[in-house]
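1. quick one: sequence plus predicted model below, questions after.
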Amino acid sequence: EAGVAQSPRYKIIEKRQSVAFWCNPISGHATLYWYQQILGQGPKLLIQFQNNGVVDDSQLPKDRFSAERLKGVDSTLKIQPAKLEDSAVYLCASSSHQGASYEQYFGPGTRLTVT
Amino acid sequence: AQSVTQPDIHITVSEGASLELRCNYSYGATPYLFWYVQSPGQGLQLLLKYFSGDTLVQGIKGFEAEFKRSQSSFNLRKPSVHWSDAAEYFCAVGAKEYGNKLVFGAGTILRVKS
């Protein structure tokens, strides 16, 4: 089974520019998560989707970050405009939540550097 | 508020020695507990998980962890470390009551010396 796919793997932008990340979850997984991992810290949840609806976006900086999951499959995360403190790895994860399984499967991440 | 504490930022062990990585959590619900490993430039790989039942759980690569409710701990252990185990390890907690989102600790970097 194919894993969670993310692109691009690396991105360097200047502050105030915009950037978008893409995630394709494991086939059939209804729940999709975006995490932000700042260097030296654990991942922090930004937004959680169940199919194409938002379950939790309480920690998403909505003045600059947006995310969508059209058709309940792949998802994009956008930052506009970027700030220096947005430099981080952005991880996408998915889970099926079938039965008793709540395991989240993570993609390789997108490393963003804002200069 | 939910929180996860990994007290050790860095740990160095000799190859072949035993390993224990500590994890303590504060959670207002019955937790699910996970240990993930992250190699440089890679995503997170699940080592093991605890949902219910036997409090000693076995994972991949020879790792195990023990859930101690009275101590709010979920420490990761391995009897004999291999050089390939050098990586960063994250403890995470989730609960159905909180939509199954994971709260991660800050991670422990494991160095293995030969």
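-> Here it is on my side, so go on.
2. show me the shaky parts of the chain.
-> Here I'm looking at chain A. Along chain A, segments meeting pLDDT under 70 span A:1, A:97-101.
3. think we crossed wires, I meant chain B
-> Ranges of chain B meeting pLDDT under 70: none found.
4. if we use 90, what do you get?
-> For chain B, the stretches with pLDDT under 90 are B:1-2, B:27-31, B:40-43, B:51-54, B:94-102, B:114.
5. what's opposite the residue in chain B that chain A sits nearest to in the beta bridge?
-> As assessed by C-beta to the nearest C-beta, chain A sits closest to residue B:104 within chain B, at 3.1 Å. C-beta: built from backbone N, CA, C; applies to glycine. With DSSP bridges applied, the residues forming beta bridges to residue B:104 are residue B:92.
6. and for residue B:35?
-> residue B:48, residue B:91.
7. for it, which residues are in contact?
-> The neighbourhood of residue B:35, defined by C-beta atoms under 8 Å, 6 or more residues apart in numbering or on different chains, consists of B:21, B:23, B:46-49, B:59, B:63, B:65, B:74, B:76, B:89-92.
8. 6 Å instead?
-> B:47-48, B:65, B:76, B:91 (C-beta atoms under 6 Å, 6 or more residues apart in numbering or on different chains).
9. now do residue B:17 against residue B:82, distance only.
-> Using C-beta to C-beta, to the nearest Å, residue B:17 is found at 11 Å from residue B:82.
10. what does residue B:114 give?
-> Noted for residue B:114: a distance of 10 Å to residue B:82, by C-beta to C-beta.
11. settle it for me: which of these two has more neighbours?
-> A direct count of neighbours by other C-beta atoms under 10 Å in any protein chain shown for residue B:114 and residue B:82 places residue B:82 higher, at 12 against 6.
12. ok, the more buried one to residue B:21 distance?
-> Here the distance between residue B:82 and residue B:21 works out to 15 Å (C-beta to C-beta).
13. likewise for residue A:70?
-> Counting by C-beta to C-beta, the gap from residue A:70 to residue B:21 is 40 Å.
14. which one of the two has more residues nearby?
-> Counted by other C-beta under 10 Å, residue A:70 and residue B:21 do not tie: residue B:21 has more neighbours, with 23 against 9.
15. which element is the residue nearest to the more buried one when sequence neighbours are not counted on?
-> Nearest residue to residue B:21 in three dimensions, chain neighbours excluded: residue B:76, at 4.3 Å (C-beta to C-beta, 6 or more residues apart in numbering or on different chains). Counting by DSSP states H and E, the element that carries residue B:76 is strand B:73-78.
16. next: residue B:13.
-> Assigned by DSSP H and E, residue B:13 belongs to strand B:10-14.
17. only alpha carbons, please: show that strand as CSV.
-> Extracted C-alpha coordinates of strand B:10-14, given in CSV (Å, rounded to 0.1, in the frame of the first residue of the first chain):
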residue,chain,number,x,y,z
HIS,B,10,19.7,14.0,24.4
ILE,B,11,20.7,10.5,25.4
THR,B,12,24.0,8.7,24.5
VAL,B,13,24.3,5.0,24.9
SER,B,14,26.9,2.5,23.8
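18. who in chain B is up against chain A?
-> In this structure, chain B approaches chain A at residues B:32, B:43-44, B:90, B:99-101, B:104-107, judged by C-beta under 6 Å from any C-beta of the partner chain.
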